[in-house]
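Peer 1: Just need the structure, nothing else, for what follows:
(chains A, B, C and D)
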Protein chains: 4
Amino acid sequence: MKIFTIGGYSEIGKNMTAVQSADDVTLFDCGLHLPPIVELEERNGFLNENQLRRIQAVPDDLILDSLDLRRKVSSILIGHAHLDHVGAVPYLAGRYNAEVVGTPFTLAVLKTLIEDENVKFNNKLKEIQPNSSYTLKNTTSSNVEFINITHSTLQCSLMALHTREGVVLYANDFKFDNSPQLGKKPNYEAIKRLGKEGVKALIVESLYATEERKTPSEKIARGLLEDVMLTTENTNSAIIVTTFSSHIARLKSIVDFGKKLNRKIVFLGRSLSKYVSAAINTNLCPFKKDIYLASYRHQVESIFKKINKDRDSYLVVCTGHQGEPGSILDRIARNETPLQLNPKDHVIFSSKTIPSEINIANKKQLEKRLKSKGVRIFNDVHVSGHAGREDLRDFIEMVNPEHIIPAHGDLQKLSALAELCTELGYKIGKTCHISQDLQKIAI
Amino acid sequence: MKIFTIGGYSEIGKNMTAVQSADDVTLFDCGLHLPPIVELEERNGFLNENQLRRIQAVPDDLILDSLDLRRKVSSILIGHAHLDHVGAVPYLAGRYNAEVVGTPFTLAVLKTLIEDENVKFNNKLKEIQPNSSYTLKNTTSSNVEFINITHSTLQCSLMALHTREGVVLYANDFKFDNSPQLGKKPNYEAIKRLGKEGVKALIVESLYATEERKTPSEKIARGLLEDVMLTTENTNSAIIVTTFSSHIARLKSIVDFGKKLNRKIVFLGRSLSKYVSAAINTNLCPFKKDIYLASYRHQVESIFKKINKDRDSYLVVCTGHQGEPGSILDRIARNETPLQLNPKDHVIFSSKTIPSEINIANKKQLEKRLKSKGVRIFNDVHVSGHAGREDLRDFIEMVNPEHIIPAHGDLQKLSALAELCTELGYKIGKTCHISQDLQKIAI
Amino acid sequence: MKIFTIGGYSEIGKNMTAVQSADDVTLFDCGLHLPPIVELEERNGFLNENQLRRIQAVPDDLILDSLDLRRKVSSILIGHAHLDHVGAVPYLAGRYNAEVVGTPFTLAVLKTLIEDENVKFNNKLKEIQPNSSYTLKNTTSSNVEFINITHSTLQCSLMALHTREGVVLYANDFKFDNSPQLGKKPNYEAIKRLGKEGVKALIVESLYATEERKTPSEKIARGLLEDVMLTTENTNSAIIVTTFSSHIARLKSIVDFGKKLNRKIVFLGRSLSKYVSAAINTNLCPFKKDIYLASYRHQVESIFKKINKDRDSYLVVCTGHQGEPGSILDRIARNETPLQLNPKDHVIFSSKTIPSEINIANKKQLEKRLKSKGVRIFNDVHVSGHAGREDLRDFIEMVNPEHIIPAHGDLQKLSALAELCTELGYKIGKTCHISQDLQKIAI
Amino acid sequence: MKIFTIGGYSEIGKNMTAVQSADDVTLFDCGLHLPPIVELEERNGFLNENQLRRIQAVPDDLILDSLDLRRKVSSILIGHAHLDHVGAVPYLAGRYNAEVVGTPFTLAVLKTLIEDENVKFNNKLKEIQPNSSYTLKNTTSSNVEFINITHSTLQCSLMALHTREGVVLYANDFKFDNSPQLGKKPNYEAIKRLGKEGVKALIVESLYATEERKTPSEKIARGLLEDVMLTTENTNSAIIVTTFSSHIARLKSIVDFGKKLNRKIVFLGRSLSKYVSAAINTNLCPFKKDIYLASYRHQVESIFKKINKDRDSYLVVCTGHQGEPGSILDRIARNETPLQLNPKDHVIFSSKTIPSEINIANKKQLEKRLKSKGVRIFNDVHVSGHAGREDLRDFIEMVNPEHIIPAHGDLQKLSALAELCTELGYKIGKTCHISQDLQKIAI
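Peer 2: Sure thing, here's the model as predicted:
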């Protein structure tokens, strides 16, 4: 069996891994690397495939051509709906005679991306329910299980590829949340069953391998939000909450507390609209009747005029938690909308700044602008969606794979997980494989 | 009115502030500065008053002698039972012809300290219930209100000293916790009433003035503990939890989950014994029937022998969260007890390392020793007991004092709070007073 | 005597302090706060006075109008040629019936700024040689000494204002460099003489008060440059050096080593052109015959075409050490010039990233772009121009002032210097005055 | 060829690597891991071999027994005199029927270690001059070149092992210093010659692979010292300098400036005595006539009494730069010597705190003690002895090896160098080998 680490092994983003067993090649994920896009779009607007390749924002899958493997790819398996996992599909899938396989929510999001980019897209989309299996087309005998797992969006899956040469388990991204606020708990039974049957290789995220902890449950984020939204002095203030647009469970908590505050709840921003619509379209949005969802510029302007006159009647949920230029919150802070913020208005970041320099700088500038208006800022009302070191340890012990391939990180992140693997008895270079983008691991 | 910043204005610890109004002098708090004691005790064992003065571990209250104010002190008001607020009373109170005034739990802890140190102690102790007032002895007309507040131990109080020259509100330490897991909520009514009546000076902690947040409730810590204790794989493992010994609410959560695990719960360590006994003696310990409390060395040895044979029947709660040399956890890690830790045993730090160099080094060495045994470590299962920037803002706006004196920090901490005060309209040097130990502020 | 802290006491930048003695008001410095300009100019191009006021990039000197002091200002004294000290003069000086007083180099730079901004400018400019005195016009009796000091540009001065109420010594910015590579050593005699005669107030920078060191001499920076430029493998490589444009001594070292490498030396960028021209015009540029200085876009394009064909014959000195968008180095990295960088080309940063978020992000993006071309990066080939804690201590002991006013920093920086002052016996609020922008200190 | 990574690949310290070619096994280095020793010796005094093994302070060379390779070891090659390279020889060499080979200075230091530990030592010591070769005893045909290199002690060598299966170049530790203040420059000719002849494997330090720079020359450290010692106000002050005891070039600069100050120069401390004596015994100490060297406790006490009465006549050079408990400087700070420090006395750290937690804590406590006496502290008067990223790049390009094995670091450090290797075209797992202690690399 050969595993090709195409993207996401030299950076955090643009995840793509290819598995070759016999003559079948299967791709896991096909994502974007966002920082170079954020940097460029400030200057240039949207990008096409060639531009994305030039700034290295998509996986460099041309390597499959040079190895004469491209034509053998029959399936592209997508684990969840985040852009660093699904975002490059509209640009790259056309290069393959392959089905794109994912859960309903993941594919619903993919469809909005395809529409947005206005690209021609002919690949077949194959919907798989969480916790079910599918026999891959045009392969000698491979099939894949989508195993329900918790993360920070809906219908996330671990994907177990069963081949004649053994099972590859792909585990980007996940946490073990036993009190998810929306959706099912992790399917521990399936994980343990795989562990008993035998797993040849585990490809697993390394993002928080250094954090000596179990990642807290989403119920903790709900508790933090409850305190900030319901027990600080905000009677006459505007309240703006910003969070990850794809995080439907978090949005549900925000809506719940907004209702307790007796405020009208408005969702503003393209990206929120995209993910919430996908949730509505797949019948996974529990709050669709409780919100007003505005996406077009004129809708946003019009609602802002109302809010400005009646600020204590609304709860604004909007984009901009990373200080992205052009996001709703950034535009508010720059006085580019009709909403004038006053001293003591609240801005709640139900998020964490993702630590790339561009984000840190954008966020700081956003904060400076908000503070110059006297706005109150509540940071880090959030818990992570990624497994901590002790979750990873529990997971590896359950799966007990022959080989581990740390993924989803640069060399420093991969090494940190490798260190944990050595604690558990794996040997670097033998059974634990530190790689980089565009390498081949033969096992 | 004159305020003397005796201790806790050039460091974090040894809090003491004196207020002179007319001919009356009242002291707030009388605490220890712990880091130099931790450093020295590694070498020398216990210390007497002169030694404590030499290493600057007690407030330098000799300044009151030189100002001829010592004999005018008639009351020493203690806000809560932490050592940096009450710990120097056994050594210094004898210098004053003064009552020591505090809530029942605070005084119960003080009594254990007095016994421990084996000092002669003749001052009168005056118990005040939370949310009640008391007319100070031998003063022209001063009285003090003890206002119930939440923090990380029991029966904490804001203290409002009413003098002929106005009210001084002393607010070291506090958080605004609307879901405390033990004891009452903050008495917001009393705080707002004072704000309306007028407060001349507010002395208030600056520890987390830089943190742009509302400090999470203790219910969040309970939720974190629940996940770690009830949903990680620990069936055959020893489980050791360590936390702040004075944090009775936290201990209650630990006991609750220990009971769910059907384990016998043992509390080990002198400092735990001291605080839990004080809680029991004041009828404030809800779990006294659920635990076995061992303090003497032979009790500890004997219980460890049992645990070693039957590790999955016990939950150990012990001292050592800061890696203190000689604490129970430190002794376990150094193989100085009969309990041999195995791979996969759990050590849960329901605490945060207090960031002094000695603590960081001690904690790291402790972790290294634990890891060399293969033990699993869960860090930061904790929330703070100190107000964040947005709590401080809410508080200051409620109190609306004429003058603010940032306290409980070195110059960097005090300045951070002063910065918030300037946002709220105060002027440094005029209405917001940055001070240092041993200065006088006349207002 | 009253001292008004107009700018540079709540941020690092836009320095301005007013001193009122009897009926005379004198201004020290009149600088810009650059970060908000850098942030805005990415979007909007150049700014006028009103825009600068709105983004708080100039000192808020309107306070002098409201105190009816504006018409009493007769002199604006400028300590040196950096933009945070002189940069607001073109915009604000016209509001005063006042002379602008500075050394020849400082005024030469000011003239280029005035030309650039194309503003009407009618104030009289008065040149003062380093180490000489001047009787201020229209004052009852004030005179000012310009005392030669070392810093990171030419002809920097401490300024001692002699009034009937005593001497105010203004010391922003300086270091004690006993081996400056250009210009004279610090005038210690004058400083000590003032100390003996008595100084009422010292206004002094606090930037590096936390650094426990003596700031290294410029000879050290020369040594670092020598190693990097003369002893790394660069025979066939392009060599690009970027440094602070105003740092003529540093530029001299770079030119000296460029000559040893037998390369043609070209200086590229508007800001370099501005400062080097000012040095040439005042006969202070020792390397004017050794360089080709290009400022206009077509000159730059044309020289880049030559360099691209013959890269090992040139040494490029250019703007862009902070990753400023639009600087020469930024444009090279974005492929916006005819110079194509190759693997192993050298880029030497004889500078340090000034730690504002926008700079850090800009610099990181610049590095990423350079690295994606395989360019070799040499960072921090630099020493600071600001006094460390032990220089400040020596300085304060020499001057022995009655009052100290920490300047040139936000509250955290000012507090750090105040801490040093308390070590030296000063009392905060009494003889050491922590202030903020727009406050009055009466002494 | 097989390479065994015995020590120094999972931590910084206890370096040992074994190379097997045909039936010959050669060891490179045999060093100590100091942090666990520092931690333990605070409690227990000196340690024997078994204790050292238990705390993992020596390389775990028992693996060679289990592979039946111990009896095949005929040579132990030592690169330089630092304890993490030579310090375990007295404990472990006896296990091998092998010569210990090194330069005269390295072996002179080894002899003092052997004496100190009072162990029986029967291995033959073989002296090799820098820049010469030696045919290893009892091997089929191996010979080794000792190539002169610069680092922070005397007579350091790269070691090139020529075997029938190719050359292994061992490069722990080095910098490229073209202005060493003592000893010869790096032998670039030999390195380049090896590069041309072909190197099969390069084992090279990774300590500063993240630092984007060329490490500054020792001449820079000399310049920094000159400024601090000769241009700060120290006429009536005691001056104490502390630095790495093995750094004879640095000590020479200190002595030179001490002579300029017309002070008597005294060297105090066991470790200084050890290294300086070794330098004297090998005729490599240029300042032996300029100093008084005290090692025994009574000598130290007696000289301190003199210094205390006549502090401005002496320059004290002593141990304690890492705040080591029991070092001379630590004892001074604890008032355990007759020397009473006064305000304004100078303590110069010509060193950097090596970033382990125990060192950081020790150093901070030392500083606190010194500051409480009013002593002036000068930190970081130092340059590193280890190659930066751009030196490593130059080195790898000169050597152009088939395989690279990053060494001298934990996984994070090794990975950082591996990242540089990928920039230069190496493939992780193929030609660049990230390892851990106790692994085998077959090439």
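Peer 1: what about the residue of the stretch 51-200 of chain A found nearest chain D, which SS state?
Peer 2: Using Cβ to the nearest Cβ, the closest approach of the stretch 51-200 of chain A to chain D is made by residue A:63 at 13.2 Å. Yep, even glycine has a C-beta here, placed from its N, CA and C like the rest. Three-state assignment for residue A:63 (DSSP: H, G, I helix; E, B strand; the rest coil): helix.
Peer 1: which bits of chain A sit near chain B?
Peer 2: A:176, A:178-179, A:212-214, A:216-217, A:219-220, A:223-224, A:227-228, A:231-233, A:367, A:374, A:376-381, A:390, A:393-394, A:397, A:423 (Cβ under 8 Å from any Cβ of the partner chain).
Peer 1: So which of these belong to strands?
Peer 2: A:376, A:377, A:378 (DSSP state E).
Peer 1: Now render those residues as a markdown table, adding distance to residue D:289.
Peer 2: Putting those into a markdown table (distance: Cβ to Cβ, whole Å) gives the following:
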| residue | distance to residue D:289 |
| --- | --- |
| A:376 | 70 |
| A:377 | 67 |
| A:378 | 69 |
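Peer 1: in the stretch 251-400 of chain A, which spans are strands?
Peer 2: In the stretch 251-400 of chain A, the segments counted as strands under DSSP state E, counting those that start in this stretch are A:264-268, A:291-294, A:314-318, A:346-350, A:376-378.
Peer 1: per-residue confidence at whichever residue of the stretch 101-250 of chain A sits closest to chain D?
Peer 2: The minimum distance from the stretch 101-250 of chain A to chain D, using Cβ to the nearest Cβ, falls at residue A:210 (9.3 Å). The per-residue pLDDT reported for residue A:210 equals 91.
Peer 1: Could you count how many residues lie near it?
Peer 2: Residue A:210: 16 surrounding residues under other Cβ atoms under 10 Å in any protein chain shown.
Peer 1: Pull the contacting residues for it.
Peer 2: Counting by Cβ atoms under 8 Å, 6 or more residues apart in numbering or on different chains, residue A:210 touches A:389, A:416.
Peer 1: Surely it is within a helix?
Peer 2: No. Residue A:210 is assigned coil when assessed by three-state DSSP, not a helix.
Peer 1: List phi and psi for it.
Peer 2: Main-chain dihedrals, residue A:210, degrees, to the nearest 10: phi -80, psi -10.
Peer 1: what's the answer for residue A:27, then?
Peer 2: phi -100, psi 140.
Peer 1: So the residue of the stretch 101-250 of chain A closest to chain D versus residue B:379, what's the distance?
Peer 2: Distance, residue A:210 to residue B:379, by Cβ to Cβ, to the nearest Å: 11 Å.
Peer 1: Next: residue A:267.
Peer 2: Distance from residue A:267 to residue B:379, by Cβ to Cβ: 36 Å.
Peer 1: check which helix or strand covers residue A:149.
Peer 2: Residue A:149 is part of strand A:143-149 when elements are defined by DSSP states H and E.
Peer 1: next one: residue A:3
Peer 2: With DSSP H and E as the test, residue A:3 turns up in strand A:2-7.
Peer 1: Can you spell out which helices and strands pack onto that strand?
Peer 2: strand A:16-21, helix A:62-66, strand A:403-407, strand A:439-442 (3 or more Cβ pairs under 8 Å, 6 or more residues apart in numbering or on different chains; DSSP states H and E).
Peer 1: For chain D, find the nearest of the strands of the stretch 251-400 of chain A.
Peer 2: Among the strands of the stretch 251-400 of chain A, strand A:346-350 sits nearest to chain D (Cβ to the nearest Cβ), with 30.1 Å.
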